[in-house]
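>>> sequence plus the predicted model coming up.
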Amino acid sequence: MDNIQFLSDGLYYFAQGQWNRIFAYYGVVIMLGAVAGAWLAGREVKRRGGDPEIVWDLLIYLIIGGVLGARLWHVFTPPPSSIAQGYTTLHYLTHPFDLFNIRLGGLGIPGAVIGGAIALRSYTRKHKLNFAEWADIAAPALALGQAIGRWGNYFNQELYGAPTNLPWKIYIDPFHRVSGFADYEYFHPLFLYESLWNLGNMFFLLWLTKRYEDRLKPGDLFLTYLIIYPVGRFLLDFLRLDASQLGGLNANQTFMAVVALVSAAALFIRHRRGQG
């Protein structure tokens, strides 16, 4: 009987076009992004004369570190929509099991990058690999993974911007509209903007690798990523409706500004002084 009911519900959601009720598209898209990134990183390792199999061994560590970091970022910087439902940082700290329930909140990209970097550092140290070189290998792959992964937000009807009537506007159903915007139907597809920005970042980093390979120092490519992505995220957050706040400031936007400035300064200083 349960199987018949499951099939019946599936056919109903299929007819209604509610694909996200049949498949967990968000998770599938995220994994596609991770695999695509690993494939790109493997090609780069092979081009550099290394063993591409290391990438696939490393991938599981990066996924675990990235997911943990992303979840913790959300827990400590919950957006207004989560706070309105009672899912504050204090709630998570006093209800530990909810820390692992991603359906109660979400994941934060800044935390994913930090968690992934910590995992990469741990792996390279254990296996006596050069962290800076592997961070450079990971940079374009990370950008590709983000470009693909952002489409998971499309299926969840999230990460949209201010209302708009532009030709590429996206419809958001009433249930997924943030507080104060229930009367609007069409919004900026912020996930699409960020996806395209990340895709452009990937192509630029790949071009930079081949064009200036003799002038780049280990770690330069990763620092470049830490300039380009934060700049795009900083600008796009002006359109975001559900931005996390800390002390009255947009938490993600402020953090991105700091990361971009520090990375740009580091890149400038290490080349000006000829330091590695």
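Happy to help now that I have it. Residues are numbered from 1 along each chain as shown.
>>> Gly69: how many residues sit nearby?
A total of 23 residues lie near Gly69 under the criterion other Cβ atoms under 10 Å. Quick note: C-beta positions are derived from backbone N, CA and C, even for glycine.
>>> any idea how far Ser82 is from Trp168?
As for Trp168, its distance to Ser82 is 28 Å (criterion: Cβ to Cβ, to the nearest Å).
>>> comparing those two, which residue is more hemmed in?
For the pair Trp168 and Ser82, the greater number of neighbours falls to Ser82 (21 against 10), based on other Cβ under 10 Å.
>>> ok, the more buried one to Val113 distance?
21 Å.
>>> list the buried residues in stretch 241-251.
Within stretch 241-251, the residues scored as buried using 16 or more other Cβ atoms under 10 Å are Leu241, Asp242, Ala243, Ser244, Asn250, Ala251.
>>> name the nearest of the residues you listed relative to Ile137.
Within the buried residues of stretch 241-251, the smallest distance to Ile137 is 29.6 Å, found for Ala251 (Cβ to Cβ).
>>> in strands, which of the buried residues of stretch 241-251 fall?
Among these, the ones falling in strands (DSSP state E) are Asn250.
>>> tell me which two of the buried residues of stretch 241-251 sit farthest apart.
When Cβ to Cβ is used, the two most widely separated members of the buried residues of stretch 241-251 are Leu241 and Ala251, lying 14.8 Å apart.
>>> now the buried residues of stretch 241-251 as TSV including pLDDT and distance to Phe131?
Formatted as TSV, the buried residues of stretch 241-251 follow (pLDDT from 0 to 100; distance: Cβ to Cβ, whole Å):
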residue	pLDDT	distance to Phe131
Leu241	87	38
Asp242	82	35
Ala243	80	32
Ser244	82	29
Asn250	86	31
Ala251	88	27
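>>> and the buried residues of stretch 241-251 as JSON lines, adding distance to Trp207?
Converted to JSON lines, those look like this (distance: Cβ to Cβ, whole Å):
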{"residue": "Leu241", "distance to Trp207": "34"}
{"residue": "Asp242", "distance to Trp207": "34"}
{"residue": "Ala243", "distance to Trp207": "32"}
{"residue": "Ser244", "distance to Trp207": "33"}
{"residue": "Asn250", "distance to Trp207": "31"}
{"residue": "Ala251", "distance to Trp207": "32"}
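>>> which of the buried residues of stretch 241-251 sits closest to Phe97?
Distance ranking of the buried residues of stretch 241-251 against Phe97, using Cβ to Cβ, places Ser244 first at 22.4 Å.
>>> which residues touch that closest one?
Listed by Cβ atoms under 8 Å, 6 or more residues apart in numbering, the contact set of Ser244 reads Thr77, Pro78, Pro79, Pro80, Gly108, Asn250, Ala251, Asn252.
>>> off-centre distance for stretch 221-233?
Centroid displacement of stretch 221-233 relative to its chain, using Cα atoms, centre = their mean, to the nearest Å, is 13 Å.
>>> contacts for that stretch, please.
Where contact means Cβ under 8 Å, 6+ apart, the residues beyond stretch 221-233 that reach it are 109, 132, 135-136, 138-140, 142-143, 146, 194, 197-198, 201, 204-205, 208-209, 252-253, 256-257, 259-260, 263-264, 266-267.
>>> which of those residues count as buried?
In the contacts of stretch 221-233, burial by neighbour count holds for 109, 132, 135-136, 138-140, 142-143, 146, 194, 197-198, 201, 205, 208-209, 252-253, 256-257, 259-260, 263-264, 266-267, counting by 16+ other Cβ under 10 Å.
>>> downstream neighbour of the helix or strand Leu144 falls within in the secondary structure list?
Counting by DSSP states H and E, the element that carries Leu144 is helix 131-149. Going down the chain from helix 131-149, the next helix or strand is helix 152-156, by DSSP H and E.
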